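Peer 1: Task: produce atomic coordinates for the following.
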Amino acid sequence: MDITIDAGSATPPYEQVRLRIAELAASGALVAGEKLPPVRALAAELGLAANTVARAYRELEIAGLVETRGRLGTVVTARASGTSVQAQKAAVAYAEKVLAMGVAPETALGMVRAALGL
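Peer 2: Numbering: from 1, shown residues only. A predicted model of the protein is given here:
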């Protein structure tokens, strides 16, 4: 995950993590339903205490930008990514349907691109 902590900043590390994840979601770099790294893994990657990352995740959850699903992890919400909930559900339904039909993922993506005129 593209997060850099500025140790010399007046902004606390948990807030830097929170702000960066919110920015990544808003820019589309993190999409609705995308799973965030586990707290301990991200903390180790950033050289922070696990409680620091946990606080950032809690703040994001309070704001409705992520959702924690217990053992399934923490995921970006449609609200955070600016994606409508209906569009996200339609994407999931499409993916499930084409996979059940045995359509290769690359082919399914190509079909979507063609349908969107891309």
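Peer 1: Which of the three states applies to the nearest residue to residue 1 once chain neighbours are set aside?
Peer 2: Sequence neighbours aside, residue 37 is the residue nearest to residue 1 in space, at 6.0 Å (criterion: Cβ to Cβ, 6 or more residues apart in numbering). Every C-beta, even on glycine, is put in place using the N, C-alpha and C of the backbone. Under DSSP: H, G, I helix; E, B strand; the rest coil, residue 37 falls in the coil class.
Peer 1: I'd say residue 37 and residue 3 touch.
Peer 2: No: counting by Cβ atoms under 8 Å, residue 37 stays clear of residue 3, with 9.7 Å between them.
Peer 1: Pull the residues that contact the lowest-mean-pLDDT helix or strand in the chain.
Peer 2: Lowest on mean pLDDT, DSSP states H and E among the helices and strands of the chain sits helix 78-81, with a mean of 78. Helix 78-81 is contacted from outside by 22, 25-26, 28, 30-33, 60, 64-66, 84-85, 87-88, using Cβ atoms under 8 Å, 6 or more residues apart in numbering.
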